[in-house]
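Student: model this:
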Amino acid sequence: MSSHVLSDAVLAALITGTALSAAGFSGNASAQDASDEEAPVTLDRIEVTGSRIKRVDIETSQPIFQLSREDILAQGLTSIGDVIQNLTAHGSAQNSNVNNGGDGESNVDLRNLGPGRTLVLVNGRRWVGGTGLGGAVDLNSIPTAAVERIEVLKDGASVIYGSDAIAGVVNVILRDEFDGAEANAYYGQYDKGDGVRQSYDFTVGAVGDRFSAMMGVGYVKEEPVFARDREISREPVYGTGNTFGSSITPFGSYLLCDGAIGPAGCSGDLVDPSGNPFAPFTYDPGQSGLNWRAFLFPDDIYNFAPENYLRTPQERTSLFASGKLEITDRVRFKAAATYNERKSEQLLASTPIVLGAATGSPLGSSIYVHEDSFYNPFRRPVAFIARRAVETGGRSFNQDVDTFVFDGALEGDFEIGDRLFDWQAGYLRGENKRHDSTFGQFGLPALRDALGPSFQDGPGGPVVCGTADDPTTPGVNERSVIAGCVPLNLLGAPGVMTPEMLDYVSVVAHDEISYEQTTYYANFSGELFHLPAGPFAFATGLEHRKESGVDSPDAMINSGNTTGNARVGAGGDFDLDEAFLELAIPILADAPFARLLDISLATRISDYSNFGDTTNSKFGIRWKPIDDLMIRGNYTQGFRAPSIAELFTGVTDFFFSTVDPCEATNYGGLSPAAQARCRAQGVPEGGYPQLPGAATRVATGGNVDLEPEPSTSKTLGLVYSPGWVEGLNVTLDWWQIEFENTITQFEAQDIVDF
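Tutor: Residues are numbered from 1 along each chain as shown. Sure thing, here's the model as predicted:
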């Protein structure tokens, strides 16, 4: 559809008894037949995304794209996020197709500048931030069944709406007046017979002389698609076989300590059972004896892809309601409330158990398979362990998110002479409550005990953790058993870990994350006076907003004592006050080579409690040299304030695959100074061999000293709607966005490269 003409369904709600012209520029009703003696109809003024000034003309100086409810339903999609991500202006953002690193959210990313640089509004108001301590909005928190239309402004709008509107604005308009009852059902699946999607909703409403009320319920269920069920995803990188598989395999890779293990680690070399230094070995069921052989690159790497989801499952239940009451002919009360519960899951390949010096965790570095473990056939400490625990069936990350938003406002209008003024004062409250459950991880304290000394308690008896009596030295090395502990076998073939072993060392983590946003707002708009070319219009407003968030990870996650990523609990808040002024100034109308010429000016002052104030302004112009052609342009200043997550997230660690410059394969290419830095950190001359599974642990976290990203946005375009071709509209827009002081984080490789 055209990028600037409202759909028929929307126009019907705005205009009574007439239609807009095909071009959609002037906002005038189409010419009536000369024989039509009915009185002309006055067009209602409306507020278009990108401006707070109500006007008849729906075409502004900014490029706007719109999707009606009919357009949305015709796509056969069950998520507003999927609908918006189909737009050509959209880049790449998280959605249900993101398994590793996903959390069930769907974000919008206009111009491919990052989800945090696109502002999401609902009914013209800033929607509650995402589930990870704010930041980018989760589009899945907006009930699909409640959506009337979507307006997309492809231009900066921080001057009108505040922070984040750098790449553009997505304004989701919810259904308002509805009289009757409606039920919808949708069922679909992929041609492979998987990925079933179901959607059901029911809406009921009534409209009276002075009131309207509507409520509805929706349910959406999306089932998963496994990576193993598609040729394109059953390899780590399509078309490369297992080249990019994992070096952490179900058969494991190990190194023995040729000495004793103390507080400083292994006192001798790390060797294989034959004494070869730094020669990782693996379990080999085809051999006799101790069943081991050398670990081979790349032959032994593991294809983890089939265990993953390709498309993740999700289940959403929503309730929504809205109402309007005309208190007087000039004063109205409007309210809308939505509730959405999302249950989602991501499934990754089974847990990599990496123990020894490679873990980076103080406790994990000290865990090894004790020489006196019942399951250690080498009778020497196994000082390095990298084994994938396929017995767990994978790592499952589950989210249960409740989103609630209430928006209530008094609004009205009045006249002074022939000038009409509108006012509005309201309150918006939004909150996300998220509970995460993570399965398939192991606790390091339990692993330490389960891999320590163990023995069989009597002939045919159970294997227990601890030490037995030493009959050769009475009173020394007396029996010591760890109650409840189940010894763990990590040195055998896949399947040797029994359910009892897994129950003892497994951890189910429960995290709580909350985010809250409270907004008070007041707006006032109208026409100050009339110029020869039209009314001089304005809009002004005030806003106070407070955002806060708390991250409470599971105690085991917070302490770092699991095989997963550690995360320290944290939280924080900030508040701000804002004021804006917008002007629409007509210059010429119905003049030669200027059927229309007007400019728009706006400025906004924002005062944040955490970094101070910022002022941003905007200039826009519209020029119609002829009826069929409009030229438009804008220069806009903008900014993005750091989110609660970017400011206050606690220190979190991640494992990244990096190229270590100090490894033997890279050492020779380093400069003498870089080689010296390697040696200064204990690296032997010539570098050290690569260890299987030795990923880099990187710690990241928020920064309370962050300041906003300033930006400038420039657009220039034309809209051509030839009167001789009914319904044809052609738009062409050029845009340029520049921003400074980018809020980002260093990549692990940047740090490793000194």
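Student: show me where the stretch 601-750 of the chain has its strands.
Tutor: With strands called from DSSP state E, counting those that start in this stretch, the stretch 601-750 of the chain shows them at 612-626, 629-640, 652-656, 696-700, 709-720, 730-739.
Student: surely residue 216 meets residue 320?
Tutor: Yes. Counting by C-beta atoms under 8 Å, residue 216 touches residue 320, with 5.4 Å between them. To be clear about C-beta, it is placed using only N, CA and C from the backbone, and glycine gets the same treatment.
Student: which residues do those two both contact?
Tutor: Listed contacts common to residue 216 and residue 320 are 143, 145, 146; contacts here mean C-beta atoms under 8 Å, 6 or more residues apart in numbering.
Student: follow-up on the earlier one: ranking the strands of the stretch 601-750 of the chain by burial, who's on top?
Tutor: When those are scored by mean count of other C-beta atoms under 10 Å, the highest mean neighbour count falls to strand 629-640 (a mean of 22).
Student: then that strand to PDB, C-alphas only?
Tutor: Below are the C-alpha coordinates for strand 629-640, written out as PDB (Å, rounded to 0.1, in the frame of the first residue of the first chain):
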ATOM      1  CA  LEU A 629       3.600  16.700  -6.400                       C
ATOM      2  CA  MET A 630       4.800  17.400  -2.900                       C
ATOM      3  CA  ILE A 631       8.400  17.900  -1.800                       C
ATOM      4  CA  ARG A 632       9.200  17.400   1.900                       C
ATOM      5  CA  GLY A 633      12.200  17.700   4.100                       C
ATOM      6  CA  ASN A 634      13.300  17.600   7.700                       C
ATOM      7  CA  TYR A 635      16.200  18.300   9.900                       C
ATOM      8  CA  THR A 636      15.800  16.800  13.400                       C
ATOM      9  CA  GLN A 637      18.000  16.600  16.500                       C
ATOM     10  CA  GLY A 638      17.500  13.600  18.700                       C
ATOM     11  CA  PHE A 639      18.900  11.600  21.500                       C
ATOM     12  CA  ARG A 640      18.800   8.200  23.200                       C
END
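Student: phi and psi next, for residue 553.
Tutor: phi -70, psi 160 (degrees, to the nearest 10).
Student: show me the contacts for it.
Tutor: Neighbouring residues of residue 553 by C-beta under 8 Å, 6+ apart: 509, 511, 567, 568, 569, 650.
Student: number of nearby residues for the third one?
Tutor: The local packing count at residue 567 equals 23, with neighbours defined by other C-beta atoms under 10 Å.
Student: pLDDT score assigned to it?
Tutor: Residue 567 is assigned 91 on the pLDDT scale.
Student: touching, it and residue 650? I think so.
Tutor: Yes. With contacts counted by C-beta under 8 Å, residue 567 reaches residue 650, the gap being 6.1 Å.
Student: overlap in contacts of those two?
Tutor: By C-beta under 8 Å, 6+ apart, residue 567 and residue 650 have these common neighbours: 551, 553.
Student: want to try CSV for the contacts of residue 553, with distance to residue 637 and secondary structure as columns?
Tutor: Output for the contacts of residue 553, formatted as CSV (distance: C-beta to C-beta, whole Å; DSSP: H, G, I helix; E, B strand; the rest coil):
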residue, distance to residue 637, secondary structure
509, 44, strand
511, 39, strand
567, 36, strand
568, 37, coil
569, 37, coil
650, 33, coil
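Student: any chance of the residues you listed in a markdown table, plus distance to residue 154?
Tutor: Formatted as a markdown table, the contacts of residue 553 follow (distance: C-beta to C-beta, whole Å):
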| residue | distance to residue 154 |
| --- | --- |
| 509 | 41 |
| 511 | 37 |
| 567 | 36 |
| 568 | 39 |
| 569 | 39 |
| 650 | 36 |
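Student: buried set for stretch 295-315?
Tutor: 295, 300-305, 307-315 (16 or more other C-beta atoms under 10 Å).
Student: those in helices, which ones?
Tutor: Counting by DSSP state H, none of the members of these fall within helices.
Student: list just the nearest of the residues you listed to residue 368.
Tutor: residue 295 (17.5 Å; C-beta to C-beta).
Student: what mean pLDDT does stretch 110-127 get?
Tutor: The average pLDDT for stretch 110-127 rounds to 93.
Student: got the CA coordinates for that stretch in CSV?
Tutor: The C-alpha trace of stretch 110-127 is given here as CSV (Å, rounded to 0.1, in the frame of the first residue of the first chain):
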residue,chain,number,x,y,z
LEU,A,110,14.1,0.4,11.9
ARG,A,111,17.0,1.3,9.6
ASN,A,112,19.1,-1.5,11.2
LEU,A,113,20.4,1.0,13.8
GLY,A,114,19.5,-1.3,16.8
PRO,A,115,16.2,-1.9,18.6
GLY,A,116,17.0,0.7,21.3
ARG,A,117,17.0,3.5,18.6
THR,A,118,13.4,2.9,17.5
LEU,A,119,10.6,4.2,19.8
VAL,A,120,7.5,2.1,20.2
LEU,A,121,4.2,3.9,21.1
VAL,A,122,0.8,2.4,21.8
ASN,A,123,-2.0,4.9,21.3
GLY,A,124,0.6,7.6,21.0
ARG,A,125,2.1,6.9,24.4
ARG,A,126,5.5,5.4,25.2
TRP,A,127,5.0,1.6,25.8
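Student: list the buried ones in it?
Tutor: For stretch 110-127, burial by neighbour count (16+ other C-beta under 10 Å) applies to 110-111, 113-127.
Student: what residues does stretch 329-340 touch?
Tutor: 123, 140-143, 146, 174, 316-327, 402-414.
Student: can you give me the helices in the stretch 101-250 of the chain?
Tutor: Applying DSSP state H, counting those that start in this stretch to the stretch 101-250 of the chain gives helices spanning 158-161.
Student: spell out the residue ranges of the strands in it.
Tutor: 118-122, 125-126, 147-153, 168-174, 180-188, 197-207, 211-222, 225-226.
Student: in CSV: the strands of the stretch 601-750 of the chain, plus mean pLDDT and distance to residue 83.
Tutor: Formatted as CSV, the strands of the stretch 601-750 of the chain follow (pLDDT from 0 to 100; distance: least, C-beta to C-beta, whole Å):
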stretch, mean pLDDT, distance to residue 83
strand 612-626, 95, 28
strand 629-640, 95, 24
strand 652-656, 78, 31
strand 696-700, 78, 32
strand 709-720, 94, 24
strand 730-739, 92, 21
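Student: wait, residue 370 sits on residue 453?
Tutor: Yes. Residue 370 is within contact range of residue 453, at 5.1 Å (criterion: C-beta under 8 Å).
Student: and the spatially closest residue to residue 412 that is not a sequence neighbour, how many neighbours?
Tutor: Sequence neighbours aside, residue 331 is the residue nearest to residue 412 in space, at 4.1 Å (criterion: C-beta to C-beta, 6 or more residues apart in numbering). The number of residues packed around residue 331, counting by other C-beta under 10 Å, is 14.
Student: and residue 184, by the same measure?
Tutor: 12.
Student: mind listing what residue 370 touches?
Tutor: By C-beta under 8 Å, 6+ apart, the contact set of residue 370 is 376, 381, 451, 452, 453, 454.
Student: how about residue 752, phi and psi?
Tutor: As for residue 752, its main-chain torsions (degrees, to the nearest 10) stand at phi -60, psi -30.
Student: just give the closest residue to it, not the sequence neighbours.
Tutor: residue 658 (5.0 Å).
Student: please apply the same query to residue 204.
Tutor: residue 181 (4.6 Å).
Student: before we move on, back to that, how about TSV for the strands of the stretch 601-750 of the chain, with distance to residue 523 added?
Tutor: What follows is those, written out as TSV (distance: least, C-beta to C-beta, whole Å):
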stretch	distance to residue 523
strand 612-626	17
strand 629-640	20
strand 652-656	40
strand 696-700	39
strand 709-720	23
strand 730-739	27
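Student: residue 46: which of those is closest?
Tutor: It is, among those and with distance given as C-beta to C-beta, strand 612-626, at 17.0 Å.
Student: for residue 688, list the residues it contacts.
Tutor: Applying C-beta under 8 Å, 6+ apart, the residues near residue 688 are 278, 662, 663, 664.
Student: distance of it from residue 254?
Tutor: 17 Å (C-beta to C-beta, to the nearest Å).
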